[in-house]
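[1] Could you look at this predicted model? Sequence included:
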Amino acid sequence: MKNKSRKSAKRQQNSIFWIYGYHATLAALRNPQRTNYELLITSDAQKRISEEKDFSLLNKVKQKILTRVEIDNFVGKNINHQGICLSVEKIHKKTIKEFIGEQNETRSTLVLLDQLEDSQNVGAIFRSALAFNINGIILTENQSVNENGFIAKSACGGLDKVPFTYISNLSSAIKTLKDNGYWVYGLDGKANKLINEIDFPNKTVLVLGSESDGMRKITTSFCDELIKIKISDQLESLNVSNTAAVAFYHLSQKIL
């Protein structure tokens, strides 16, 4: 029994992290699916957050008023925490069927990130997804960055506003998506069709590959169609988060 208790405590410890920055922290406080433990906040940040309409959210979590230097000891000296951070638990992982079941039955646009390992890129993708009304993000568990404070800060609230989940089996997940009416498009710089030539269906999945290698061959084989963004011949490719932002814009225009 003691060993089981230790393992359980270790798993819980590994699932807890700090979200920092004003917008990221506020989004976490507002997210009903997020388990929050402790809020560390400066008096200046508390004054700012007290002007929010739902300031009563603060009463639902344990608080400590600290100086910026004291907060540095929790999140790091070089972190721009803006005088506020929140100890949280990682969001409970949903199965792909559960995740799809929470989507609109007739119109849904999802993004699948295949083995993205850079927190800043993933955070930026969440931010762009929020900006262009992407309905959800699916990440692969293998060789992918896990939920963390840097993603939350880069996402500027998007991590707690855009639903997401992780999958362990890519082929099985894509099959489930297709069985539920989704058409799967892979972004590939070598594709023949341009993204602006596509009339996207009401239920669309856009797949983005890793920062270094793009989509894997096995991943491209699961896609219904490969598409690309037209860029200048003077540049080989865009950063994956920049690619995502452009692609999300095109998607938002097509599905209005």
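    Nice, thanks for sending it over. This structure is a prediction, so every number in the text was calculated from the model and none was measured. Residues are numbered from 1 along each chain as shown.

[2] From now on I want contacts and neighbour counts done on CA atoms only, so please keep to that.
    Noted.

[3] So which residues make contact with whatever helix or strand residue 38 lives in?
    Using DSSP states H and E, residue 38 sits in strand 36-41. Strand 36-41 has contacts (Cα atoms under 8 Å, 6 or more residues apart in numbering) with 28-29, 61-67, 71, 83-89.

[4] and that strand, which strands flank it?
    strand 62-65 (parallel), strand 84-89 (antiparallel) (DSSP bridges).

[5] With only the CA atoms kept, save the shortest one in CSV.
    The one in question is strand 62-65. Only the C-alpha atoms of strand 62-65 are listed here, as CSV (Å, rounded to 0.1, in the frame of the first residue of the first chain):
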residue,chain,number,x,y,z
LYS,A,62,-5.7,29.9,-2.1
GLN,A,63,-3.8,33.1,-2.4
LYS,A,64,-0.5,34.6,-1.3
ILE,A,65,0.5,38.2,-1.8
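
[6] what sits up against it?
    So strand 62-65 is in contact with 37, 38, 39, 40, 41, 42, 43, going by Cα under 8 Å, 6+ apart.

[7] The longest one now?
    Here strand 84-89 makes contact (Cα under 8 Å, 6+ apart) with 15-22, 25, 34-42, 45, 71.

[8] Going by mean pLDDT, which of the strands paired with strand 36-41 comes out lowest?
    Note on those: lowest mean pLDDT is at strand 62-65, with a mean of 94.

[9] How far away from the center of its chain is it?
    Strand 62-65 sits 27 Å away from the centroid of its parent chain (Cα atoms, centre = their mean, to the nearest Å).

[10] re earlier: name only those of the contacts of strand 84-89 that count as buried.
    Neighbour counting over the contacts of strand 84-89 (16 or more other Cα atoms under 10 Å) leaves 16-22, 25, 34-42, 45, 71 as the buried ones.

[11] Surely residue 166 forms part of a strand?
    Yes: with DSSP: H, G, I helix; E, B strand; the rest coil as the criterion, residue 166 is part of a strand.

[12] Alright, that wraps it up for me.
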